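Undergrad: one predicted model, sequence on top.
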Amino acid sequence: MHAPIEIRRDAETFPQPPLTRSEISVLSSLVAARRERNRRFANGAKLFCDPAWDIMIDLLDAGMRGRSVSITGACGASGVPSTTALRYVGLLEQEDLIERASDEDDGRRVFLSLTARGWAEMRAYAAWMAKVDTEADERSGAIGDASGGRGRIPIAPSAGIDG
């Protein structure tokens, strides 16, 4: 389990303006949901393969925690072979979503982070997710009424499926 996210205010790596509490909440939920999905589905890497998104999520989480991610670490987070992950790193760089920076202490090591555009896109995605969640909450009252006040969606058994 990861420690609670501590807000980092380092202007070089943290988005400007700083994330709001709402954005942190939504983005943290996004990171947690991805981890939980991978935990619950042991073969998740085989079933749900999205290396670019996994790299973005890893860099998002690291950025919110004020941690650095090496290229090797990002490749590992992608869930695919390093050669494939490096191809996706290149594509994300071409889209100006992530960037490389040399380690000042060890010139052999390279770190990745979200660019200003990468942070902006993740923030926009968080805003969209929050809106969808709010709309779903607003609709849930109607679902509760349709279910006889039980707050559940009535589901009829499907023909041909054994329960």
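TA: Yep, that arrived.

Undergrad: what's the least confident helix or strand in this protein, going by average pLDDT?
TA: helix 44-47 (a mean of 66; mean pLDDT, DSSP states H and E).

Undergrad: quick check: buried residues in the helix or strand just after it?
TA: Counting by DSSP states H and E, the next helix or strand C-terminal to helix 44-47 is helix 51-65. By neighbour count on 16 or more other C-beta atoms under 10 Å, the buried set for helix 51-65 is 51-52, 54-65. To be clear about C-beta, it is placed using only N, CA and C from the backbone, and glycine gets the same treatment.

Undergrad: residues contacting the closest residue to residue 125 other than its chain neighbours?
TA: Nearest residue to residue 125 in three dimensions, chain neighbours excluded: residue 30, at 7.8 Å (C-beta to C-beta, 6 or more residues apart in numbering). Counting by C-beta atoms under 8 Å, 6 or more residues apart in numbering, residue 30 makes contact with 57, 60, 125, 126, 129.

Undergrad: can I get the residues you listed in CSV with distance to residue 22 and pLDDT?
TA: Output for those, formatted as CSV (distance: C-beta to C-beta, whole Å; pLDDT from 0 to 100):
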residue, distance to residue 22, pLDDT
57, 19, 90
60, 15, 89
125, 13, 90
126, 8, 87
129, 10, 85
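
Undergrad: which of the buried residues of helix 51-65 lies closest to residue 81?
TA: Within the buried residues of helix 51-65, proximity to residue 81 (C-beta to C-beta) peaks at residue 51, which comes in at 9.6 Å.

Undergrad: touching, the closest one and residue 80? I think so.
TA: Yes: contact criterion C-beta atoms under 8 Å: residue 51 and residue 80 qualify, at 4.7 Å.

Undergrad: mutual contacts of those two, please.
TA: What both residue 51 and residue 80 touch, as defined by C-beta under 8 Å, 6+ apart, is the set residue 88.

Undergrad: where along the protein do the strands fall?
TA: For the chain, the strands defined by DSSP state E cover 69-70, 98-102, 110-114.

Undergrad: most tightly surrounded among those?
TA: Mean neighbour count (mean count of other C-beta atoms under 10 Å) peaks for strand 110-114 among the strands of the chain, with a mean of 21.

Undergrad: any stretches of the protein with poor pLDDT?
TA: 1-17, 43-46, 141-163 (pLDDT under 70).

Undergrad: what segments of it are helices?
TA: Assigned by DSSP state H, the helices in the chain fall at 21-40, 44-47, 51-65, 71-78, 82-94, 116-146.

Undergrad: measure residue 84 to residue 75 for me?
TA: 9 Å (C-beta to C-beta, to the nearest Å).
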